[in-house]
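# show me how the following folds:
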Amino acid sequence: MKKFLTAVFALLFITTIQAQSKNYLDQPIVEVNGRYDSLLTPNEIYIKILISEKDNKGKVSVEELERNMIDALKKLSINTEKDLVVSDMSNNFKSYLLKKTDILTSKEYQLKVSDAKTVSRVFVSLEALGISNTSIDRVDHSDLEKIKNEIRSKAVENAKQKAWALVKPLNQTIGIAIHIVDYDNGYVPQPRNSGILMKAATLADAEMEPANIDFEKIKISSSVNVVFILK
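Predicted coordinates:
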């Protein structure tokens, strides 16, 4: 009896779906695609910093380099307690066991800043301390999800404008939207090239004020498919 009732419910469900599909197909509709693109300046720039005793042949300890780095960053008004984290710490103990060489320690950090000019200042300051193993890890934006939703809304508005343009010559109008598909073109933060690093190094050599360099903008796109009732 239980199997029979299950089969009946399944049949009713399939029948309902078919009926809805039939009603959908029986209605006069207009189907359009909408798209909207935008460029966004990143406000979260992640810098990878590697401090190693190997760079100065063990003359300065990692702890001292770290203290000097933190002092330099604070002079740039960077909140090191909030925006600087240790991402890795290691030493060459394995190499020491095999080759009987000195144990040298290294420490890797991740620093978050909000603009390209600060990035230049960081590179210049660290270079002056003998910390040159720095690079851009990735860029992002703090309001990315909110902005992506705004872009989606504009893509739907674009679809609506297209629908109106299609039906206007026919002296018809569009009604409610009965079907919407969002093709999420979600942005994934990507590593940037090292162009700004080389620029910063040049400025450090020349003892000049870092220029106001900007990063390549983040491109955000949204595509939708919308079906409107045709009146």
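
# low-confidence stretches in this structure?
Applying pLDDT under 70 to the chain flags the ranges 1-25, 54-58, 88-104, 185-214.

# and the strands in it?
With strands called from DSSP state E, the chain shows them at 29-40, 44-52, 84-91, 105-113, 134-140, 174-185, 218-230.

# ok, which of the ones you listed comes nearest Lys162?
Between Lys162 and these, the tightest spacing by CB to CB is seen for strand 29-40, at 4.4 Å. (C-beta placed from N, C-alpha, C; glycine too.)

# mean neighbour count, the strands of the chain: which tops it?
Across the strands of the chain, averaging neighbours per residue (mean count of other CB atoms under 10 Å) puts strand 44-52 on top, at a mean of 21.

# name the helices or strands packed onto that one?
Here strand 44-52 touches helix 62-75, strand 105-113, helix 116-128, strand 134-140, going by 3 or more CB pairs under 8 Å, 6 or more residues apart in numbering; DSSP states H and E.

# just put those in TSV and tack on distance to Phe228.
As requested, the helices and strands packed on strand 44-52 are arranged in TSV below (distance: least, CB to CB, whole Å):
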stretch	distance to Phe228
helix 62-75	55
strand 105-113	44
helix 116-128	44
strand 134-140	36
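
# I'd like to know which of those lies nearest to His179.
Of all the helices and strands packed on strand 44-52, strand 134-140 comes closest under CB to CB, at 33.2 Å.

# what strands flank the closest one, and is each parallel or antiparallel?
Sheet pairing of strand 134-140 (DSSP bridges) gives strand 44-52 (antiparallel).

# export the strands of the chain to CSV and tack on distance to Val124?
CSV is the format used below for these (distance: least, CB to CB, whole Å):
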stretch, distance to Val124
strand 29-40, 27
strand 44-52, 13
strand 84-91, 17
strand 105-113, 13
strand 134-140, 11
strand 174-185, 37
strand 218-230, 25
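
# doesn't Leu230 make contact with Val167?
Yes: using CB atoms under 8 Å, Val167 makes contact with Leu230 at a distance of 6.5 Å.

# mind listing the shared neighbours of the two?
Common contact partners of Val167 and Leu230 (CB atoms under 8 Å, 6 or more residues apart in numbering): Val30, Ile174.

# which ones are touching Ile229?
Gln27, Pro28, Ile29, Ile174, Gly175, Ile176, Ala177, Ile178.

# try 6 Å this time
Residues near Ile229 by CB atoms under 6 Å, 6 or more residues apart in numbering: Gly175, Ile176.

# quick check: it vs Lys107, distance?
Look at Ile229 and Lys107: by CB to CB, to the nearest Å, they are 63 Å apart.

# just Ser132 next, same as before
15 Å.

# kindly report the same for Asn149.
As judged by CB to CB, Asn149 and Lys107 stand 39 Å apart.
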